[in-house]
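Student: Can you look at this prediction? I've put the sequence above it.
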Amino acid sequence: MQDIQKGPAEVSIPIDRVGVKNLSYPLVVRYKEDGVQHTVAQVDLYVDLPGQFKGTHMSRFVEALQEWEGILDYHSFRKLLRDVQSRLEARRSHLSFRFPFFLDQKSPQTGSPGLMEYQCRFEGSLEEGKPNMFLSVEVPVMTVCPCSLAISDQGAHSQRAMVRIKARFEGLLWLEDLIEIAQRSSSSPVYAVLKRADEKYVTEHSFANPKFVEDVVREVGQQLREHELVRWFKAEVESYESIHKHNAYACIEIENQPV
């Protein structure tokens, strides 16, 4: 049959990314310590398209994903990038997996278990055999305002905040490592289950450790800058202010030199 996609384009302009978006696909994610987690990802697959071709072959993206092993790690992701690039006869391939990742986080005093959900993203591209891999995570935390604490006779305003980390890396970078960096940079982690003894501990601990968004993002940035696998990162902190109409925001973006 006639291959319309390989025919000439009416407008000969190269396309940076063309492909399929928002495919739901079952995914297996490895834990750092041991074992795996089964989740569901929203998947985007793209390639570049030269200006002389009318279109790409959308079914080949889906076929590549269907034949992929479905276990998400550095090596399997790179293999899928190569397969998409080969099937579509492209110079560049791009992939993105967005998925929820759950960790059992025990409360700080009673040890009560509760599942915490983190929105994650694994994305990357391949060009001339060279991969670029990015791992992203959103981590809810708690912050106590240092200014409010210093000027008030009693109490201070506190609120949840979101730490967002996106890191380009080489080797084996774990989601748990990024989550831990975000949590220890804040006034306190947040928990799924807290008993009264836990609430007392979290309140006292966080008020003894007040942080502006500037403090949180700098501590996240320092840890990422010193991480041996991270080659570039963007760290963002957004505080959902409890007494202000606005949100507070801070961002750091740094290119790391290879070790």
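Tutor: It's in.
Student: Contacts only, for residue 17.
Tutor: 46, 47, 48, 94 (Cβ atoms under 8 Å, 6 or more residues apart in numbering). C-beta: built from backbone N, CA, C; applies to glycine.
Student: Does the last one touch residue 46 like I think?
Tutor: Yes: in this structure residue 94 lies within contact range of residue 46 using Cβ atoms under 8 Å: 4.2 Å.
Student: shared neighbours of those two, which are they?
Tutor: 17, 19.
Student: beta partners of the closest residue in space to residue 37 that isn't next to it in sequence?
Tutor: Leaving aside its sequence neighbours, residue 37 sits nearest to residue 29 (Cβ to Cβ, 6 or more residues apart in numbering; 4.9 Å). Beta-bridge partners of residue 29, counted by DSSP bridges, are residue 37, residue 72.
Student: residues touching residue 29, list them.
Tutor: Here residue 29 is in contact with 36, 37, 39, 72, 99, 101, 175 (criterion: Cβ under 8 Å, 6+ apart).
Student: Can you flag the buried ones in those residues?
Tutor: Buried subset of the contacts of residue 29 (neighbour count, 16 or more other Cβ atoms under 10 Å): 37, 39, 72, 99, 101, 175.
Student: any chance of these in JSON lines, plus pLDDT and distance to residue 120?
Tutor: Listed next are these as JSON lines, based on pLDDT from 0 to 100; distance: Cβ to Cβ, whole Å:
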{"residue": "37", "pLDDT": "96", "distance to residue 120": "11"}
{"residue": "39", "pLDDT": "97", "distance to residue 120": "9"}
{"residue": "72", "pLDDT": "93", "distance to residue 120": "10"}
{"residue": "99", "pLDDT": "98", "distance to residue 120": "6"}
{"residue": "101", "pLDDT": "97", "distance to residue 120": "5"}
{"residue": "175", "pLDDT": "96", "distance to residue 120": "6"}
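Student: Can I get these in a markdown table including distance to residue 226?
Tutor: Formatted as a markdown table, these follow (distance: Cβ to Cβ, whole Å):
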| residue | distance to residue 226 |
| --- | --- |
| 37 | 28 |
| 39 | 30 |
| 72 | 26 |
| 99 | 28 |
| 101 | 24 |
| 175 | 19 |
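Student: and which of these is nearest to residue 132?
Tutor: Comparing the buried ones among the contacts of residue 29 against residue 132 with Cβ to Cβ places residue 72 closest, at 16.4 Å.
Student: thinking that closest one is in contact with residue 124, fair?
Tutor: No: with contact defined as Cβ under 8 Å, residue 72 does not reach residue 124; the gap is 11.2 Å.
Student: and the chain, what are its domains?
Tutor: By the assignment in automatic domain parsing, the chain contains the domains 14-104, 137-259.
Student: from memory residue 102 sits against residue 114, does it?
Tutor: No: using Cβ under 8 Å, residue 102 is not in contact with residue 114, being 10.2 Å away.
Student: list the buried ones in stretch 26-40?
Tutor: Under the neighbour-count criterion of 16+ other Cβ under 10 Å, stretch 26-40 has 27, 29, 37, 39 buried.
Student: Can you give me the first-to-last residue distance of that stretch?
Tutor: From its first residue to its last, stretch 26-40 covers 4 Å (Cα to Cα, to the nearest Å).
Student: so where's the protein shaky on pLDDT?
Tutor: 1-12, 53-55, 257-259 (pLDDT under 70).
Student: List the contacts of residue 219.
Tutor: With contacts defined as Cβ under 8 Å, 6+ apart, the neighbours of residue 219 are 184, 185.
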